[in-house]
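# the following comprises the amino acid sequence and a computationally predicted model.
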Number of protein chains: 2
Amino acid sequence: MQIRPAINADHDAIWNIFHEILVAGDTYAFDPQMPREEALAYWFRADTHTYVAEKDDGVVGTYILEPNQLGPGSHVANAAFMVARDAKGAGVGRRMAEHCLTEARRLGFRAMQFNFVVSTNARAIRLWEQLGFKIVGTLPGAFHHPDKEYVDAHVMYRSLLED
Amino acid sequence: MQIRPAINADHDAIWNIFHEILVAGDTYAFDPQMPREEALAYWFRADTHTYVAEKDDGVVGTYILEPNQLGPGSHVANAAFMVARDAKGAGVGRRMAEHCLTEARRLGFRAMQFNFVVSTNARAIRLWEQLGFKIVGTLPGAFHHPDKEYVDAHVMYRSLLED
C-alpha cells in the first residue's frame, strides 16, 4: 500500500469514500446531503494537506492534515481519516494514521487534536489510543447517532514533541 | 444597553473591536494579520447569527452564535464574544452571554460549546462558569500566548435543556 498526496485525478475515488461515510452517518458531523463539490472543497481547502492510500486496485482511503486553529493555535494539527467500506479491517486506517503523525512532525506541528470522535466509534478510539492519543474531553450528547440518538463525542489529543 | 442583530452599517464598529482583539492576540486563535474583509466574512458567515451590543455612544460589543458542527452535530451551538477595550469591566460580556443563551434556546440548540478558551483568560472562564459552563477538556499548550509562550486552552460546555 502506498500513501501519497492526493491529486485531481483522485476526486472520484475520494468522493466515493466520502459519500459512503455520509450515507452511514455514524462517524462524522457532516450534513448527509452534502453535495460532491462541497465535500471535495472541504477535503481540499487551501491550508489542508490531502493524502490517499492506494493499493493495486485503487484508492482505499484518504486523510487530511491541517492546522486546527489559526495564528497562535496553528501549531496544533487536526486530521480526519476515511477508509473505503470494502477495505475496513485491513489496517488502512492505522497505516494512514502513522503516515499522518510522521507528516505532522515533518511540517513542524507540536501536537495533534481530534475535535469530535464519536464515542460509539470504538474502532477509531482504540486506534487513536494505541497511537498515543488520550481522551482529554467529552462532549455530552454532542452527536445525533442514526440508531442510538444522542451520544457523546470525545476530544482527543497527543503531543508530537516526544514519542 | 440594547442587544440586536448586526446590520451592514455595524461593519466599521465590529471591525474596530475585532482589530483590537487581533492586536492584543491573547484570547483568540486568529492570525494577527487577518484583514478586515476576512474578519467580517468570518463574523457574518451564512450559518452564523451576528449581534451587537449598543449603548448611547455606539457599539460596545459583538457576538456570534452558530452550529458548532454540521448535520448530526448541529444541535450544539458555538458562540464567540468580543467587547470593546474601553467597555471592558462594565458587564457587556455578561449581558451578551445571557442574551446568547436565550437566543440559542429560542433557535432550538440543545447545548453550547466553546472550543478554545485560553486558560489565561480568567475573566472569560469565570464568567462562563457563573453562567453554567463547565470545563470538559483541556488542550495542553494549544495556544501560543504573546507573553506566556505555550499555554493551555479549555473546551467548555453546557446543556441548554435545563437551567
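Ah, there it is. Remember, predicted model here, so these are calculated numbers, not experimental data.
# for the residue in chain A that chain B sits nearest to, give the beta-bridge partners.
Nearest residue of chain A to chain B (Cβ to the nearest Cβ) works out as A:G137 at 1.7 Å. (C-beta placed from N, C-alpha, C; glycine too.) Beta bridges link A:G137 to A:V155, B:G137 when assigned by DSSP bridges.
# okay, it: pLDDT?
Confidence at A:G137, expressed as pLDDT, is 97.
# help me confirm that it comes into contact with B:K134.
No - using Cβ atoms under 8 Å, A:G137 is not in contact with B:K134, being 10.3 Å away.
# these two: who's more crowded?
Legend: neighbour count by other Cβ atoms under 10 Å in any protein chain shown for A:G137 and B:K134, higher for A:G137 (22 against 14).
# residues touching the more buried one, list them.
Applying Cβ atoms under 8 Å, 6 or more residues apart in numbering or on different chains, we find A:G137 in contact with A:154-155, B:136-138, B:155.
# ok, and the most crowded of the residues you listed?
Going by other Cβ under 10 Å, A:H154 tops the contacts of A:G137 with 26 neighbours.
# measure that one to B:P146 for me?
Distance of A:H154 to B:P146, given as Cβ to Cβ, to the nearest Å: 31 Å.
# flag every residue of chain A that's near chain B.
Applying Cβ under 8 Å from any Cβ of the partner chain, we find that chain A lies next to chain B at A:25, A:28-32, A:34, A:68-76, A:110-111, A:113, A:115-116, A:136-146, A:150, A:153, A:155, A:157, A:159.
# helices along chain A, start to end?
A:11-24, A:36-43, A:92-106, A:122-130 (DSSP state H).
# okay if I get the ones you listed as TSV plus mean neighbour count and distance to B:V60?
Below are the helices of chain A laid out as TSV (neighbours: other Cβ atoms under 10 Å in any protein chain shown; distance: least, Cβ to Cβ, whole Å):
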stretch	mean neighbour count	distance to B:V60
helix A:11-24	17	43
helix A:36-43	15	36
helix A:92-106	18	41
helix A:122-130	15	43
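# B:D56: which of these is closest?
helix A:36-43 (43.9 Å; Cβ to Cβ).
# export that closest one to CSV, keeping only CA atoms.
Output in CSV follows, covering the C-alpha atoms of helix A:36-43 (Å, rounded to 0.1, in the frame of the first residue of the first chain):
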residue,chain,number,x,y,z
ARG,A,36,-19.9,16.3,-4.0
GLU,A,37,-18.4,19.7,-4.8
GLU,A,38,-18.8,20.9,-1.2
ALA,A,39,-17.3,17.7,0.1
LEU,A,40,-14.3,18.0,-2.2
ALA,A,41,-13.9,21.7,-1.4
TYR,A,42,-13.8,20.8,2.3
TRP,A,43,-11.3,18.0,1.7
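# just list what it packs against, helices and strands only.
helix A:11-24 (3 or more Cβ pairs under 8 Å, 6 or more residues apart in numbering or on different chains; DSSP states H and E).
# flag the shaky bits of chain A, pLDDT-wise.
A:163 (pLDDT under 70).
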